[in-house]
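everything below, folded, please.
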Amino acid sequence: MPSILAYDLGASSGRALLGRLNDRIIEVEEIHRFGNDPVAVGDRLQWDILRLFHDLKQGLLKAKHAGEEPVSLGIDSWAVDFGLIGRNGELLGNPYHYRDRRTDGVMERTMARLTPERIFGRSGIQFLPFNTIYQLAALKEADSPLLEQAKHLLMIPDLLRYFLTGEMRSEFSNATTTQLYNPLLGDWDAELIAAIGVSPALFGPVVRPGTRVGEIRDSLREELGVGAVPVYAVAEHDTGSAVAAVPALERDFAYLSCGTWSLMGTEVDRPVMGELARELNFTNEGGVNGTFRLLKNIMGLWILQESRRTWEKAGLTLGFPELVRLAEQAPAFGAFIDPDDPAFLHPGDMPARIARYCADTGQKAPGTPGGIVRCILESLALKYRYVLELTERLSNKRFGGLHMVGGGIQNALLCQWSANAIGKPVWAGPIEGSALGNLAVQWIAQGEFADIWEARKVIRDSFPVTVYEPRDGAAWDDAYGRFRALAGLA
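Predicted coordinates for the structure are as follows:
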């Protein structure tokens, strides 16, 4: 069976997986897993992009040592961050991390100049302070020499593909997240780019998922002793790949890609860019087969991950299974937070920030790790209900349940509480959603699947889906009312 290779890079770790099709069943083998920790240097937070490229090379080496010769490869990663390439073809500095504080206040100043109506009307993308448009505006405000020297802008997967192949292409699903791509024009929006004082020449041609975009360059083939592996642009925003892997049989479905971030929405044929979408701060990100992902970002398990880091620094080492067990034993509905409050965006002491949030909203703060974790998970589940209701309102669809994919579904308590909160079934699986969507797009491009719907059926046949039925409806309905009041959600 020929294999293909998927690199799936998340905000905290990455992995290389080999995929094979065996009698219409997908087999996946993880051959390399690696950390992806941001690096703080002075006041800046950056990505160690060369270490990530090193790990991509390790994936190719481990495939070779296992006797595999992948017939293709693709890369997906988080969105909005980018590298700048100089006139000599070299990277100009490490890419900044989207949680770096240099963008503080930039979105508000940019919106004041350009107006939210103009930005959303030309991009259809929700307003988040770390969007690429505001990262570039921050560089412009700081009179950064990087912009003077830059000749090309490449999103993170584009950049890593460039390192692999020497070819520069911008992929559709990731390009749309920048808030500088116009889905109505089907190209970069030169007006928005010029309005922030950046040259439109930085932005290269945009290709769709499934496009072959080169092969491993000669120098790398010689270094690693591998062949000329073709490289494909997949849905390179990891959420785009995760949605491609949702094992839905119905055409109208709601999804939640659950991990460091939670991203909830539905798939639509055309972007939804009316006034209501802007007011609700929804986004229209590119998908596969020319679709768009109408969705909303939710802060996700980042708050739990940062809490655990805070406790570890204090000498309290607790694994995630232990934290979930403690949460299950803590009293129910003791306190709530809005996971999307700006206080929880940047790295830091999350338990202290949760305590401040509770004090500011007249609640008694949870005093134990179990209570804090329960507060986080219950608040996430209740926020999921809120966003699901908004998604139904905006899309004029009604969903019979929620498909949850991604690493976060290993938290069975969160899955069950999500079902309780929304009052509908949760279908959880597969865990490796982004990697499977990455593989699926490569197979579609190679003619193994006719389209994304055939790929989704094969994914459903290949991987288990756990069903969580809702429980304790009255208690969760009451908690939802209190949560909305405390969080100020109309």
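
contacts only, for Arg99.
Arg99 makes contacts with Pro38, Leu45, Phe130, Leu345, His346, Pro347, as judged by Cβ atoms under 8 Å, 6 or more residues apart in numbering. Glycine gets a C-beta too; all of them are placed from N, C-alpha and C.

which one (most neighbours) among those residues?
Phe130 (21 neighbours; other Cβ atoms under 10 Å).

following the strand or helix carrying Leu436 in sequence, what is the next regular element?
Using DSSP states H and E, Leu436 sits in helix 433-445. Remark: after helix 433-445, the chain's next helix or strand is helix 452-462, criterion DSSP H and E.

domain assignment for this protein?
3-236, 240-429+465-490 (automatic domain parsing).

which among the ones you listed is found nearest to Ala445?
Closest to Ala445 of those is domain 3-236 (Cβ to Cβ; 4.0 Å).

what angle separates the helix holding Leu436 from helix 452-462?
Using axes from the mean of the first three to the mean of the last three Cα atoms, to 10 degrees, one finds that helix 433-445 and helix 452-462 are set 130 degrees apart in direction.

begin at 899 from now on, thanks
Sure thing, new numbering starts at 899, so read that last one as helix 1331-1343.

JSON lines for the contacts of Arg997, including pLDDT and distance to Gln1344?
Rendered in JSON lines, the data for the contacts of Arg997 read as follows (pLDDT from 0 to 100; distance: Cβ to Cβ, whole Å):
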{"residue": "Pro936", "pLDDT": "93", "distance to Gln1344": "35"}
{"residue": "Leu943", "pLDDT": "97", "distance to Gln1344": "39"}
{"residue": "Phe1028", "pLDDT": "98", "distance to Gln1344": "35"}
{"residue": "Leu1243", "pLDDT": "96", "distance to Gln1344": "40"}
{"residue": "His1244", "pLDDT": "94", "distance to Gln1344": "42"}
{"residue": "Pro1245", "pLDDT": "94", "distance to Gln1344": "41"}
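
which pair of those spans the longest distance?
Within the contacts of Arg997, two members stand farthest from each other by Cβ to Cβ: Pro936 and Leu1243, at 13.9 Å.

out of the contacts of Arg997, which are inside helices?
Among the contacts of Arg997, no member falls in helices (DSSP state H).

quick check: buried residues in stretch 1237-1248?
Within stretch 1237-1248, the residues scored as buried using 16 or more other Cβ atoms under 10 Å are Pro1237, Asp1238, Asp1239, Ala1241, Phe1242, Leu1243, Pro1245, Asp1247, Met1248.

my bad, should have said stretch 1198-1214
For stretch 1198-1214, burial by neighbour count (16+ other Cβ under 10 Å) applies to Gly1198, Leu1199, Trp1200, Ile1201, Leu1202, Gln1203, Glu1204, Ser1205, Arg1206, Thr1208, Trp1209.

ok, these vs Lys1355, which is closest?
Closest approach between the buried residues of stretch 1198-1214 and Lys1355, by Cβ to Cβ: Gly1198, at 28.2 Å.

gap between the nearest residue to that closest one once chain neighbours are set aside and Met1197?
Spatial nearest neighbour of Gly1198, excluding adjacent residues (Cβ to Cβ, 6 or more residues apart in numbering): Ser1160 at 3.8 Å. Per Cβ to Cβ, to the nearest Å, Ser1160 is found 7 Å from Met1197.

now do the helices in the stretch 1249-1388 of the chain.
Here the stretch 1249-1388 of the chain has its helices, by DSSP state H, counting those that start in this stretch, at 1267-1293, 1310-1320, 1331-1343, 1350-1360, 1371-1385.

count of residues packed around Ile1329?
Neighbours around Ile1329, by other Cβ under 10 Å: 17.

now for it: which residues touch it?
The contact partners of Ile1329, by Cβ under 8 Å, 6+ apart, come to Val1303, Gly1304, Gly1305, Ile1307, Gln1308.

just the buried members of these?
Val1303, Gly1304, Gly1305, Ile1307.

you'd agree Arg1168 is up against Leu1192?
No - with contact defined as Cβ atoms under 8 Å, Arg1168 does not count as touching Leu1192 (9.6 Å).

the more surrounded of the two?
Taking neighbours as other Cβ under 10 Å, Arg1168 and Leu1192 compare with Leu1192 leading, 25 against 13.

so the more buried one lies in a strand, does it not?
Yes - counting by DSSP: H, G, I helix; E, B strand; the rest coil, Leu1192 falls inside a strand.

roughly how far apart are it and Phe1361?
Counting by Cβ to Cβ, the gap from Leu1192 to Phe1361 is 25 Å.

kindly report the same for Val1271.
28 Å.

who has more neighbours, those two?
Val1271 (27 against 19).

give the contact list for the nearest residue to the more buried one once chain neighbours are set aside.
Once flanking residues are discounted, Val1271 sits nearest to Ala1225: 3.9 Å by Cβ to Cβ, 6+ apart. Listed by Cβ under 8 Å, 6+ apart, the contact partners of Ala1225 are Gly1268, Gly1269, Val1271, Arg1272, Leu1275, Leu1311.

helix, strand, or coil at Ala1225?
helix.

which outside residues touch stretch 1229-1244?
By Cβ under 8 Å, 6+ apart, stretch 1229-1244 touches 997, 999, 1027, 1160, 1195-1198, 1200-1201, 1248, 1251-1252, 1254-1256, 1261-1264, 1269, 1272-1274, 1276-1278, 1280-1281, 1373, 1377, 1380-1381, 1384-1387.

is it possible to mark the buried ones in those?
Listed as buried from the contacts of stretch 1229-1244 are 997, 1027, 1160, 1195-1198, 1200-1201, 1248, 1251-1252, 1255-1256, 1261, 1263-1264, 1269, 1272-1274, 1276-1278, 1280-1281, 1377, 1381, 1384-1385; burial here means 16+ other Cβ under 10 Å.

now the helices of the stretch 1249-1388 of the chain in CSV, with distance to Leu971 and mean pLDDT?
Shown next, in CSV, are these (distance: least, Cβ to Cβ, whole Å; pLDDT from 0 to 100):
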stretch, distance to Leu971, mean pLDDT
helix 1267-1293, 33, 98
helix 1310-1320, 32, 98
helix 1331-1343, 8, 98
helix 1350-1360, 17, 98
helix 1371-1385, 43, 98
